[in-house]
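> give me a 3D structure for the following:
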Amino acid sequence: MCGFAGFLKKTALLNDPTNTLRNMGLAIVNRGPDSSGEWFCAEHGIGLSHRRLAIVDMTASGHQPMFSSSGRYVMAFNGEIYNHLELRKVLEEANPSLTWKGTSDTETMLASFEHYGLLGGLDTLVGMFAAAVWDTQAQALYLFRDRLGEKPLYYGWQDDTFLFGSELKALKAHPAFKADIYRPGISLLLRYGYIPAPYSIYENIFKLEAGEYACVSSRQPEVQVTKYWDVAAVIKSSVNDPFKGNAPEATAHLETLLETTISQQMLADVPLGSFLSGGIDSSLIVSLMQKQSSRPVKTFSIGFDDKSYDEAGYAKAVAAHLKTEHHELYVSSADALDVIPKLPSIYDEPFSDSSQIPTYLVSALAREQVTVSLSGDGGDELFCGYNRYKMTAKFWSALKKVPRPIRSLSSAMLTSISPATLDLLASKVPKLSGYGSVGDKVHKAARVMSSRSAQDIYVGLVSKHPNPQTLVINGVEPDTCLIGNTPDFTALDDIQQMMALDTLSYLPEGVLTKLDRASMAVSLEGRAPFLDHRVFEFAWQLPLSMKMQGNDSKWILRQILYKYVPQALIDRPKMGFGVPLRDWLCGPLREWAETLLDEQRLVQEGYFNVPAVRALWAQHAGGRYDRSGILWAILMFQAWLQEQ
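The predicted model follows:
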């Protein structure tokens, strides 16, 4: 895991381009504290900067930027290629005279590009990656991002200078960077809690989407962006080519696939472990790690004093059963609140999933022991884990038969009852008392009762606010893959449509952004075995009945996990990885929030519809409504703006 940045300049060069590259690298030193490198070609105005976190091949042979053997390609790369040892054997068979300078996956990638070409070489890679490659023969720059978007890549022209890098802070270190805020990006943040690709918080700065590559040169400055691996197309083709075997055969094949990818992802020249929440996904990853390890796997979990958000006891029980070397840290609200001032710097652009706080804390805990940590990310999207899928399965098939006017009236009646009142009522019902934020869930469900389709339901459930552009001055919401430019998934089941939409946007720009920034903030490499593209393709070949049966989500994962962990340790309601945000904003964070949402301050800054924002704050602070979701998004923008 590393970080990189660079620029391509069309006109007169900077006075000291190498120093500029060095500063761009220093801005992301957290991504690569072990070494640095810069390369600059004055003839073509192209420069690459790299920060290295050494994972495989700890020697100088893995130093970047790195040239291919012929000298045609020079590359700065962030990520890991898990099949690089197997790929080396294939390349050696094709070219017996091939020699290696070291054992790094960077050298393997470049050799693959030399042999197959850039696009052909991309097809050979199994892993997570983002990279910048200068083709000295074509005199063109290529940028590419892995199939499912595990690693980030920003880019864009600022006048006559093309900037690119792993994080925005690297681009901001270049003197050409303008830092003009993109107001529609604020509206996207207020809807989703993140800014979906291809947009960013800045004008004319974009994110490369998952499975894309871009090409640009001084001769052809218009950026050409192309899909080399289309997530939506892969989903549809996999569904159209279903697995032909029965459930036991599917379970056995999936277990074999996971064992293979976990074995590959456990290869490292540094200490390695895994996050463990005690849920299905992380417990299965750890079970299969421990199965293949001759020593106890190091596992890590975070516990909270607030028991309604605490899963540490479950993680500890699973760890004890699997005999891992378990490390846990119980944190108070004060410990968690101490993280909040760091968030604008960690996330680099506004990001408002409150589980970003415990994700950072567990990453910091793991980094004390290891340099690489596996995680269970991706399990929910691939195997039907989110509660919104259950809700759709239970209610939508019947609900959509009810005329919309009646559904709309019912929705209005439910939302007239405050979440706090609904929570109080739920606490008196034994079957509901174990679920957190019932009132908020009821309100979300009520808001989608008048939906026309599963895609409408999805957008309603994931939206922090139903019409965020009313909160942002000149913040007209642009089209995304979720609204306005959605792939045609009508051939899929309603639940499959929602899973596909999660995979297109929330997974890369929400879940994986959170994992990447939180782990990289402490120089920890996070790896997600469920996101091996071979696992992904097989998961989409499985019928929905192997993922959800009755009240059991992730059915097929459970069948594997029950071989290693007793069912009693696993079967319980899904909790998530949250924090008591509603209470914090009314308690210990109230003064901080009030300062950032001060009326005069908001007027002077000029980004928000001040009366509307102040009304949301008054409703929440008064305790009648839970507005923590939309308020956290606004507050994360305000805290980020304060840092700029």
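> ok, residue 238 - contacts?
With contact set as C-beta atoms under 8 Å, 6 or more residues apart in numbering, residue 238 has these partners: 537-538, 540-541. (C-beta placed from N, C-alpha, C; glycine too.)
> with secondary structure and pLDDT as added columns, please give those in TSV.
Shown next, in TSV, are those (DSSP: H, G, I helix; E, B strand; the rest coil; pLDDT from 0 to 100):
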residue	secondary structure	pLDDT
537	helix	98
538	helix	99
540	helix	99
541	helix	99
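> which of the helices or strands spans residue 617?
Secondary-structure assignment from DSSP states H and E places residue 617 in helix 610-621.
> list the buried ones in that helix?
Of the residues in helix 610-621, those with enough neighbours to count as buried (16 or more other C-beta atoms under 10 Å) are 610, 613, 616-617, 620-621.
> what residues does that helix touch?
Here helix 610-621 makes contact (C-beta under 8 Å, 6+ apart) with 470-471, 582, 585-586, 590, 593-594, 597, 599, 602-603, 625-628, 630-631, 634.
> same check on stretch 63-71?
2, 4, 35, 37-39, 48-50, 52, 73-77, 98, 104, 106-107, 110-111, 113-114, 136.
> state the distance from residue 102 to residue 507.
Computed with C-beta to C-beta, to the nearest Å, the distance linking residue 102 and residue 507 is 33 Å.
> higher neighbour count, those two?
residue 507 (25 against 16; other C-beta atoms under 10 Å).
> skipping its backbone neighbours, what lies nearest the more buried one in space?
The spatially closest residue to residue 507, leaving aside those adjacent along the chain, is residue 381, at 5.1 Å (C-beta to C-beta, 6 or more residues apart in numbering).
> centre of the chain to the helix or strand hosting that neighbour, how far?
Residue 381 is located in helix 379-383, with elements delineated by DSSP H and E. Its chain's average C-alpha position is 13 Å from that of helix 379-383, according to C-alpha atoms, centre = their mean, to the nearest Å.
> again, but for stretch 390-404
Distance of stretch 390-404 from its chain centroid, counting by C-alpha atoms, centre = their mean, is 30 Å.
> and if you look at stretch 419-435?
Mean-position distance between stretch 419-435 and its chain equals 32 Å (C-alpha atoms, centre = their mean).
> tell me the buried residues in the lengthiest helix in the chain?
Of all the segments assigned as helix in the chain under DSSP state H, the longest by residue count is helix 247-265. By neighbour count, and taking 16+ other C-beta under 10 Å as the criterion, the buried residues in helix 247-265 are 247, 250-251, 254-255, 257-265.
> coming back round to it: buried subset of the contacts of residue 238?
Buried members of the contacts of residue 238, counted by 16+ other C-beta under 10 Å: 537-538, 540-541.
> ok, so of those residues, who is nearest residue 485?
residue 540 (21.3 Å; C-beta to C-beta).
> counting by contacts, list what the helix holding residue 381 packs against.
Using 3 or more C-beta pairs under 8 Å, 6 or more residues apart in numbering; DSSP states H and E as the contact criterion, the secondary-structure elements in contact with helix 379-383 are helix 280-291, helix 533-541, helix 555-561.
> give me the sheet partners of whatever helix or strand comes next after the second one and which way each runs.
In this case it means helix 533-541. Secondary structure here is assigned by DSSP H and E; on that basis, the next helix or strand after helix 533-541 toward the C-terminus is strand 548-549. Listed by DSSP bridges, the sheet partners of strand 548-549 and their directions read strand 552-553 (antiparallel).
> the partner strand - what's its average pLDDT?
Computed over strand 552-553, the mean pLDDT rounds to 90.
> assign residue 128 to helix, strand or coil.
Reducing the assignment at residue 128 to three states with DSSP: H, G, I helix; E, B strand; the rest coil gives strand.
> run a quick neighbour tally on it.
Should you count by other C-beta under 10 Å, residue 128 turns out to have 27 residues around it.
> before we move on, back to that, check which helices and strands the next helix or strand after the longest helix of the chain sits against.
Sequence-wise, the next helix or strand beyond helix 247-265 is strand 272-275, with elements assigned using DSSP H and E. Here strand 272-275 is seen to pack against helix 280-291, strand 298-304, helix 356-367, strand 372-374 when contacts are counted using 3+ C-beta pairs under 8 Å, 6+ apart.
> pull the distance from strand 272-275 to the chain's centre.
Averaged C-alpha coordinates place strand 272-275 at 18 Å from its chain's average position (C-alpha atoms, centre = their mean).
> make a markdown table out of the helices and strands packed on strand 272-275 and add distance to residue 212, mean pLDDT and mean neighbour count.
Rendered in a markdown table, the data for the helices and strands packed on strand 272-275 read as follows (distance: least, C-beta to C-beta, whole Å; pLDDT from 0 to 100; neighbours: other C-beta atoms under 10 Å):
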| stretch | distance to residue 212 | mean pLDDT | mean neighbour count |
| --- | --- | --- | --- |
| helix 280-291 | 27 | 98 | 24 |
| strand 298-304 | 33 | 94 | 25 |
| helix 356-367 | 25 | 96 | 23 |
| strand 372-374 | 26 | 98 | 26 |
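> give me the distance between the two termini of stretch 168-176.
One end of stretch 168-176 to the other measures 13 Å (C-alpha to C-alpha, to the nearest Å).
> in that stretch, which residues are buried?
Result for stretch 168-176 [16+ other C-beta under 10 Å]: buried residues 168-174, 176.
> who touches it?
Under the criterion C-beta under 8 Å, 6+ apart, external residues in contact with stretch 168-176 comprise 3-5, 7, 14, 20, 23-28, 49, 154, 156, 158-161, 163-165, 177, 179, 200-202, 205, 345, 348-349.
> run the last query once more with 6 Å
Residues external to stretch 168-176 that are found in contact with it (C-beta atoms under 6 Å, 6 or more residues apart in numbering): 5, 7, 23-24, 27-28, 154, 158, 161, 163, 165, 177, 348-349.
> list the contacts of the residue located most distally from the centre of the chain.
Relative to the centre of the chain, and counting by C-alpha atoms, centre = their mean, the farthest-placed residue is residue 97 at 40.8 Å. Remark: with contacts taken as C-beta under 6 Å, 6+ apart, residue 97 is in contact with nothing.
> next, it: phi, psi?
The phi and psi values for residue 97, taken as degrees, to the nearest 10, are phi -90, psi 0.
> do the same with the one 3 residues further on
Torsion angles at residue 100 (phi, psi; degrees, to the nearest 10) stand at phi -120, psi 140.
> what's the separation between the spatially closest residue to it that is not a sequence neighbour and residue 259?
Closest residue to residue 100 in three dimensions, ignoring its sequence neighbours and counting by C-beta to C-beta, 6+ apart: residue 107, at 6.2 Å. Counting by C-beta to C-beta, the gap from residue 107 to residue 259 is 27 Å.
> what separates residue 197 from residue 540, distance-wise?
21 Å.
> export the contacts of residue 238 to a markdown table and tack on distance to residue 365?
Listed next are these as a markdown table, based on distance: C-beta to C-beta, whole Å:
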| residue | distance to residue 365 |
| --- | --- |
| 537 | 34 |
| 538 | 33 |
| 540 | 34 |
| 541 | 37 |
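> which one of the residues you listed sits closest to residue 414?
Set against residue 414, the nearest of the contacts of residue 238 by C-beta to C-beta is residue 540 (34.4 Å).
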